[in-house]
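> Build me a model:
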Amino acid sequence: MEATAKKATFQKYSAYKDSGVEWLGQIPAHWDMLPNKFIFKLKKNLVGKKSNQYTLLSLTLHGIIKRDMENPQGKFPAEFDTYQEVNNGDFVFCLFDVEETPRCVGLSDFDGMITGAYTVMQVGSKFDKRFLYYFYLNLDKDKRLRPLYTGLRNTISKDNFFAFKAFVPPLPEQTAIAAFLDDKTAKIDRAIAQKEKMITLLKERKQIIIQNAVTKGLDPNAKMKHSGVEWIGEIPEGWEVLPGLRFFKENKRSNKGMKESTVLSLSYGNIIIKPEEKLVGLVPESFETYQIVYPGDIIIRCTDLQNDQTSLRTGLAQNKGIITSAYINLGIIGDNHPEYLHAYLHFVDITKVLYKFGSGLRQNLSFADFKRMPILKVPYNEQVQIVEFIQKASLKIERAIEMQHKEIEKLKELKSTLIDSAVTGKLRVPSVQEIKVS
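Numbers count the residues shown, from 1 in each chain. Here you go, the predicted model:
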């Protein structure tokens, strides 16, 4: 794939001309600079009282998708009367808050309806829709329509949009470019999907390693017995199952008087120091209401289990600081290793066993739930060995995951470069016939 892209960059058009656009530079001499008023036609067909006859659509980072009304996620209006009709082949633009909106252009593959806040347009028969989609996707990626913004909300008025000049090759060439990009981007997307699948498998492998280590130990020849707890299963003979009150106390350290100022956050199963630039918006008037955290404390996000069964809810503090008092702060008592107990609770969390202990309508957790939770009493020296084993195995897997992420970023960069080069004429795209031969 990469070799193909490098080869394509050497193919140039025979003659170029100045586009008049600073960031673009030159374009092929035979391409036109055409105002959008000759390309797009505005649509505004409200669905009105017939909204129940339409499929709900959304503009997302992945383009325009169908929304599942049977299992809705996100907020919906009480009525959809002000939504507008979208047909297969229509463009959908978000022309407000352009700078802050991750994706401002979509080409619909579906019939349906979408919020009236967006701008729906049709394309004339003299233009290839896929080419124009790649063209505007490329502009949107780096927000290159900034010169058209007006107002505080970075809005592009319809007049400014229609006056904007797109650089358009002849129709057969548009179709060839679209076909070329469909082919190449599909291959890149498949390669990315394979690497994302590998990341998923690596994460699953890591969870299995942690689960087996904290419940079975490291000795494959150890004699086993049943734990008496269905979701724990068999454990080594020398281990015991005891209630959590033998392992945990509840820390409640007040920050009244601002004894500590380092703000911590539970993020993706890790306790991190919250960057100062993020200490705005939904934060308390005073951090005196927060609780003090010491290294070795286990923090539990304990609310709303009913509506969120995907987030990681446990974290082990590595730094001294403060965190919201809405979380449970578990202190370790007795001859127990904080990292082993955190690994054990991580297993309880990731296998969703944790949700068995929630109470109330929203399944909130309390310290009482952890006092009665079955915990494995493991000899301390074995706890240390298990922690070291998990750390080494996790580090190896995390490095493999990081490598996959880096390769995905390279593929995404290659995809962006291909699109940009093709729709701006930096490379001469082979004809449809040449693509089929290759």
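> CA atoms for contacts and neighbours, from now on please.
Noted.
> what's near enough to touch Pro28?
Pro28 sits next to Tyr13, Ser14, Ala15, Tyr16, Lys17, Gly425 when contact means Cα atoms under 8 Å, 6 or more residues apart in numbering.
> Find the nearest non-adjacent residue to the residue nearest in space to the middle of the chain, please.
The centre of the chain sits closest to Leu61, judged by Cα atoms, centre = their mean, with a distance of 9.6 Å. Closest residue to Leu61 apart from its sequence neighbours, by Cα to Cα, 6 or more residues apart in numbering: Arg103 at 5.4 Å.
> Leu59 is in contact with that neighbour, correct?
Yes: in this structure, Arg103 is within contact of Leu59 by Cα atoms under 8 Å, at 7.5 Å.
> distance between stretch 159-175 and the chain's centre?
The chain centroid and the centroid of stretch 159-175 are separated by 32 Å under Cα atoms, centre = their mean, to the nearest Å.
> swap in stretch 311-331?
23 Å.
> Check the average confidence over that stretch, would you?
For stretch 311-331, mean pLDDT is 94.
> That stretch spans what distance, first to last residue?
End-to-end distance for stretch 311-331, by Cα to Cα, to the nearest Å: 22 Å.
> Which strands or helices does whichever strand or helix holds Tyr340 pack on?
Assigning secondary structure by DSSP states H and E places Tyr340 in helix 338-350. Judged by 3 or more Cα pairs under 8 Å, 6 or more residues apart in numbering; DSSP states H and E, helix 338-350 is in contact with helix 171-216, strand 314-316, helix 380-423.
> now the angle from the last one to helix 338-350?
In terms of direction (axes from the mean of the first three to the mean of the last three Cα atoms, to 10 degrees), helix 380-423 departs from helix 338-350 by 60 degrees.
> From the contact counts, what lies against helix 380-423?
Short answer (3+ Cα pairs under 8 Å, 6+ apart): helix 380-423 packs on helix 2-9, helix 129-141, helix 171-216, helix 338-350.
> Equivalent analysis for the first one, please.
When contacts are defined as 3+ Cα pairs under 8 Å, 6+ apart, helix 171-216 packs onto helix 129-141, strand 234-236, helix 338-350, helix 380-423, helix 432-437.
> Next, the angle from the fourth one to helix 129-141.
Read it as helix 380-423. Using the same axes, to 10 degrees: helix 380-423 against helix 129-141 is 120 degrees.
> If you count neighbours, what's buried in stretch 156-166?
By neighbour count on 16 or more other Cα atoms under 10 Å, the buried set for stretch 156-166 is Ile156, Asn160, Phe161, Phe162, Phe164, Lys165, Ala166.
> just the strands in the stretch 1-150 of the chain please.
Under the criterion DSSP state E, counting those that start in this stretch, the stretch 1-150 of the chain contains strands at 16-18, 26-28, 32-35, 40-43, 57-60, 63-66, 84-86, 91-93, 105-107, 112-114, 119-123, 149-150.
> Could you say which one of those strands comes nearest to His346?
strand 57-60 (32.0 Å; Cα to Cα).
> Please name every helix or strand in contact with that closest one.
strand 63-66, strand 112-114.
> got the contact list for that strand?
Residues contacting strand 57-60 (Cα under 8 Å, 6+ apart): Ile64, Ile65, Lys66, Arg67, Val92, Arg103, Cys104, Val105, Gly106, Gly112, Met113, Ile114.
> from these, which has minimum pLDDT?
Arg67 (89).
> residues touching it, list them.
Applying Cα under 8 Å, 6+ apart, the residues near Arg67 are Thr55, Leu56, Leu57, Ser58.
> separation between it and Val263?
Distance from Arg67 to Val263, by Cα to Cα: 37 Å.
> for Leu330, phi and psi?
Taking degrees, to the nearest 10, you get phi -90, psi 120 for the backbone angles of Leu330.
> Report the helix or strand with the lowest average pLDDT across the chain.
helix 2-9 (a mean of 44; mean pLDDT, DSSP states H and E).
> now stretch 389-399, how far from the chain's geometric center?
For stretch 389-399, the distance to the chain centre is 23 Å (Cα atoms, centre = their mean).
> go on, stretch 83-97?
The answer for stretch 83-97 is 23 Å, by Cα atoms, centre = their mean.
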